Structure formats: structure tokens, C-alpha cells
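K.L.:
please work out how this folds:
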Amino acid sequence: MRKYFRGGIAALTGALVATSIALVPATANAAPNQDPDTAKLSGALATQAVTWEDCTFPGVAEETVKRFKTVKGLACATVQVPRDWHNPGDGNTIGIRVSKTETAYKGTSRQGIALVNPGGPGGSGLPWGAAMALRSPVLAGQYDFIGFDPRGVGLSTPLKCSYTVPTSTDVNVVNKAKVQGCLENPLTPFITTEQTAYDMDFIRVLLGEKKMSYIGYSYGTWLGTWYAATFPGKAHRFLLDSAVDASQPTLEKTWDLQPRTRDRQFQEALLPYMARNDAEFAMGTDPMEIRRKWEKAGGTREFLGMLFTAWFIIPAMYDTTQYPVAGSAVAAVIGDSAPAGTDSEKVSALVTKMLATPGLSAENKAFIAKGKENALAAIAKKERVAVKATTAAAEVETWDATFEAIRCQDGQWNQNLHYWNYWLADLTVNAPFIAPFMSTPLCAYWPTKNSMPKPDKKTFPRLLMAQSELDAATAYEGGLSTAKALPNAKLISVDNEGSHGLFPYNTDCVDDPIVFFFQTGATPRKQFTGCQALPLPNEDKTFEVGGKLTNGKVKIKMITPAVKEANKIVRDLLSGSATAEADESGMPANL
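P.N.:
So this is what the prediction gives:
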């Protein structure tokens, strides 16, 4: 059974899985086509004594940590880096937590170090040195994998922002206060992708390596692109797995596509899977009828539907080995009748129904247990917020701001609130499955002058990319645009797959060219390679869904015919509800 990376570009915000800076710093004074010299820029920090010690991985399961500790040479250290690589001599430093392994065989076959980033922005990468060594033992024989918590994350110097909660209920007032509070934190301007790219190169310097390789998932593909564009002469072998749209100067396009890709995978892949496995889910054999039942039960317009979508359905879109969990969640919400009791009691009742689904694996059941824990925590948080809302006293709230700081400061998002109102209205029509979760992003209130540097066609390194057709976090369309925009990029597309984070995928078509590239530097002859997905759980073949694989690329529409039909179901149901309410009240429901 394949094992997928989980996490990716989307972060958990509220009850939903929502799911850096310009060019070379002037202080680097790098000559044209010459990489900045981080050793020189850092001054005395380049000769700091690095104290390696046993690793701790907060939030990682004990059994997993035990496996990590079996990796040869695993050790961790906190290194000091300039707070601002634009002004490294100002005396301000921050700590970056790094993990190293020593698995590469000594001698001519050793390829050096390979840093790993799991995405986010804001995902902890510290465990990923050991994780990659275990996931790809063949490459571990030639590379020492390096994990690290980027600045602002985990055991590195964190970014915490505070603001006084306004008494206003206007979401724009609240969002502006939140952003302004964060901009007043002196650390905030330096929690960016560009600054992290310099940190990565400085890790290379401290480890005494001439070049570095890299594996980046999700947002990690944006970070890897930024590094390769800034330090092309130091980039050895790079894999961008499940890529954001790096053809754009900001991350806005990637998040603009994300709600629609979630709707697309729900309708094009998950519901057909349920229909093919009616013996397990008992929801019928027509995906559209399952969608109709889901919407009649309230779908994501009701709190329980939102809760189960956030903690069972969307996470399974990141790792389709968990489709049995997502299917059981859809079936439980539809149900024969709504469960009674408090929200917590209702969740427990529906989870019990989920666990009765035939064919669940031990991993599925563990996934359900974790989802239940998260759902109950979300209910408790909702209740605490409701209590706070009854108090008149102004309150200061502190939050982990790394995710927002990076995505908002890596390039200017649209700050016209009319645009975002239109965007939200459009989602209610064209992405109604996810629309109830969406709100105006904080980036709409966050000013910045930064932008992704443009790769130099003469110096940008060769690299490989991997992208799944129905990725719900980083749209296939965005990965395809990236492959076309980056010089010397080759793309491996996986047809009929939805998981986010592919390598190692455990098929020759996907893994062999990636391993061969890291071993030799050779990339596939053609720019686009097409591969077939593995079967979904409890199925013995792969079914055609979504678009069509042609010449190594998948041709698919964002709003497919099936999605259009599903959207019409929602519109018709809402129209019927509005008519019924108008009949009772004597006025339209929207007035």
C-alpha cells in the first residue's frame, strides 16, 4: 500500500483545512550571474560552533520518533542566522533548528546533502531528514537528508502576533486589526520565503557543502523555486512535488484555484468511488444521487457537514488511501435521520456509524480517531469563542502568524475588497461544496513590495516536477503552468490521482525517473511524462476520472461537466428552499 506525504500547502484554519522577498538583497552586491555569498554576508556567524545533540520532534507520534532514531547519524542543532539577510550586520539573529543524517556512503558515489521541506507555509520540516531517509533508502545511500524548521516555525524562532480584538462585528475591521497587530511585531517583515532561502544556503555553508539538493512538497516547491532562482550555481538536484503556480509573482493564484480543486475532486473522484463501492457505503450507485442526498442533508451549509468535511473529507483528499474514511463521513452525514444531543454527542454518534463501515483498515480507523479528536476540539473552541463574545471588555489575542506572513509577504495580493466580494459570490455558484468555508483572506489587507524573482534562463538548473491530476491543494493547472515557465523543468503527471505529495509513489513510472535524476542528473527526454495512478483502496484497478492524459499532460477543465451538474443540484435545492421560505414569510428569503 502506498504511503503519502500529508500536510502540504494548505493549513488548518478554524474548522477547515483552508489549506520572502524581492530578488537578491542589495547588501549582497552579487555580480551578474553570480550567487550571493552567504558565508561572507553572515560574517562571524559562518564560523559559529554548531552543537549537535539528540533530536526531539514535538507533535510526532512516539512510535514514529523511534523509527526516526534508527536513521544513521541523526542529530539536531540550533544555528544562528541573521534576522535580516538584507542587513546581516545589524547584530540581530534568530535561531533555526536543523536535523542532519549521515546515511550516504563515503566515496565517489556520495552526492552530498538534500534539504527537505514539507510545505505549509509553516510546516515543520525538522523530522523530514530522517523521514526521507526511511522513505527512500536507495537515495539515502547517496545523500545525507537534512530537515529544518524554517524561520517562524516549530523549534526555530517563532512568529507570534497579538492584537486587540475590536468590538465591531465587521469582518473587515477585525481583519485589519489582526494584520496591523502583526505588522507591529518587529520580527514579521523577516518571516518570508526569500529570507528562508538564504537560511537554506547558510545551512549548506555550515555543513561544508559546495552544493545542495532539495525535495520540496506543496509550498516547498515555491521555496525551492525561490532558492534555485537566487542560488542557481549552488542547486544540485531539485524535485518540486505537487507544485504551486510558480509562474506567478505571488501565491494568490494558487489559493484562488484551491476551493475549486476541492469541489472538483469531491465530485469527480470521491463520489464516484462511493458509487462503485455501494456495498460498503450503501449510498447508491449514482454519484449525482449521492451528491443530491448530501446537499439535501445540508452539506457544508450545516455545522455538522462543515465539521466532517474539515476533519475527515478534506484530509482524505490529501491522501487518497483514506478515501474509505471520507466515504464513511459522507454517508454518516447523509444518514437516515439527524442524531440528537449536543454537537459533541452528535459527532460521537456519527463517528460510531463511520467505524461500522465495512473494509476499514487499521490506518483508516486511526485516521478517524484523530479526526474525531480534532472535531471535538473545534467544537470546544467554538463554544469558548461564543462565551467570549458575551463579554464587553477588549481582549488581546495572540496567534501563530507564520502561515499568513509568508503567503501574504511573498508578493502583493489584490487589495480591492470589491474584488474579494465578487470572488466569494462566484464561489457560491461555482464551488458550493467549499464556499461556506471561505472568507476574504488576510492578504487582502496586507501590503508588501516583495515578489518572486524571475529565473534566469541561462543559469536556472534542471529540475523535476511531479503533479497529480486531481490534487485538491495545488491545482494541476498551476503545476503545469510552472513546468512551462521554469527553464529546464520536466513534469511527471499522474493521471486519475488526487493525493497531494507523491514521491515515493511506488510505481516505476513515477519513481524511477526521479531516483535516476538524483543519481545521475539525467532528466526524461520529453518535457512531459504521463503515468497512471494506483488503484484506490479496496479496488483492483484504476478508474478513469476527470480529464484525459494526452502527450504526457492531463487535459482537464476546472469546472467539468460533472461539477456543472452538481452545482446545478445545489442551485435548484437553494432555489426551492428560498421559494418555500418566501411562501411562509411573505417575502424573499434574501431580504
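
K.L.:
ok so residue 491 is a strand residue?
P.N.:
Yes. Residue state for residue 491 (DSSP: H, G, I helix; E, B strand; the rest coil) corresponds to a strand.

K.L.:
give me the pLDDT value at the residue nearest to it when sequence neighbours are not counted.
P.N.:
Distances taken as C-beta to C-beta, 6 or more residues apart in numbering place residue 483 nearest to residue 491, at 3.8 Å, with adjacent residues excluded. C-beta coordinates here come from the backbone N, C-alpha and C atoms, glycine included. Model confidence at residue 483, given as pLDDT, is 98.

K.L.:
now what about the helix or strand harbouring residue 483, what contacts it?
P.N.:
In this structure, residue 483 sits in helix 476-485 according to DSSP states H and E. Helix 476-485 is contacted by residues 221, 225, 240, 242-248, 253-254, 257, 261, 465, 467-471, 489-491, 493, 527-528, 553-554, 556, 558 when judged by C-beta atoms under 8 Å, 6 or more residues apart in numbering.

K.L.:
wait, isn't residue 495 in contact with residue 554?
P.N.:
Yes. Using C-beta atoms under 8 Å, residue 495 is in contact with residue 554, at 5.6 Å.

K.L.:
now the common contact residues for these two.
P.N.:
469, 530.

K.L.:
which residue ranges form the helices in the stretch 351-500 of the chain?
P.N.:
362-388, 402-409, 417-430, 476-485 (DSSP state H, counting those that start in this stretch).

K.L.:
list the buried residues for the longest one?
P.N.:
Within helix 362-388, the residues that qualify as buried by neighbour count (16 or more other C-beta atoms under 10 Å) are 363, 364, 367, 368, 371, 372, 374, 375, 376, 378, 379.

K.L.:
tell me the two of these that are most distant?
P.N.:
Farthest apart among those by C-beta to C-beta are 363 and 379. That separation is 25.0 Å.

K.L.:
how far off centre is stretch 271-278?
P.N.:
26 Å (C-alpha atoms, centre = their mean, to the nearest Å).

K.L.:
could you shift the numbering so residue one becomes 5, and keep it that way?
P.N.:
Okay, residue one is now 5; in that scheme the one you just asked about reads as stretch 275-282.

K.L.:
related to what we said a few turns ago, now, among the buried residues of helix 366-392, which is nearest to residue 445?
P.N.:
residue 382 (20.2 Å).

K.L.:
I'd say the closest one and residue 312 touch.
P.N.:
No. Counting by C-beta under 8 Å, residue 382 does not reach residue 312; the two are 10.8 Å apart.

K.L.:
and what about residue 149, helix, strand or coil?
P.N.:
strand.

K.L.:
what about it, neighbour count?
P.N.:
Counted with other C-beta atoms under 10 Å, the neighbours of residue 149 add up to 29.

K.L.:
what does residue 48 give?
P.N.:
7.

K.L.:
residues contacting it?
P.N.:
Counting by C-beta under 8 Å, 6+ apart, residue 48 has no contacts.

K.L.:
quick one: pLDDT of it?
P.N.:
Residue 48 is given a pLDDT of 96.

K.L.:
that one - that's part of a helix, no?
P.N.:
Yes. Looking at residue 48 with three-state DSSP, it is inside a helix.

K.L.:
and it, how far is that from residue 40?
P.N.:
Using C-beta to C-beta, to the nearest Å, we find residue 48 at a distance of 18 Å from residue 40.

K.L.:
contacts only, for the closest residue to residue 548 other than its chain neighbours.
P.N.:
Nearest non-adjacent residue to residue 548, counting by C-beta to C-beta, 6+ apart: residue 500, 6.2 Å away. By C-beta under 8 Å, 6+ apart, residue 500 lies in contact with 273, 473, 474, 536, 537, 546, 547, 548, 549, 550.

K.L.:
nearest to residue 431 among those residues?
P.N.:
Using C-beta to C-beta, the contacts of residue 500 come closest to residue 431 at residue 474, 18.5 Å.

K.L.:
what about the residue lying closest to the closest one once chain neighbours are set aside, how many residues nearby?
P.N.:
Spatial nearest neighbour of residue 474, excluding adjacent residues (C-beta to C-beta, 6+ apart): residue 502 at 3.8 Å. Residues lying near residue 502 (other C-beta under 10 Å) number 30.

K.L.:
show me what contacts residue 502?
P.N.:
269, 273, 321, 324, 472, 473, 474, 475, 476.

K.L.:
7 Å instead, please
P.N.:
Taking C-beta atoms under 7 Å, 6 or more residues apart in numbering, we find residue 502 in contact with 269, 273, 321, 324, 472, 474, 475, 476.

K.L.:
what's the answer for residue 476, then?
P.N.:
Contacts of residue 476 (C-beta under 7 Å, 6+ apart): 265, 266, 269, 321, 502, 504.

K.L.:
and the gap between the fifth one and residue 179?
P.N.:
The spacing between residue 502 and residue 179, counted by C-beta to C-beta, is 32 Å.
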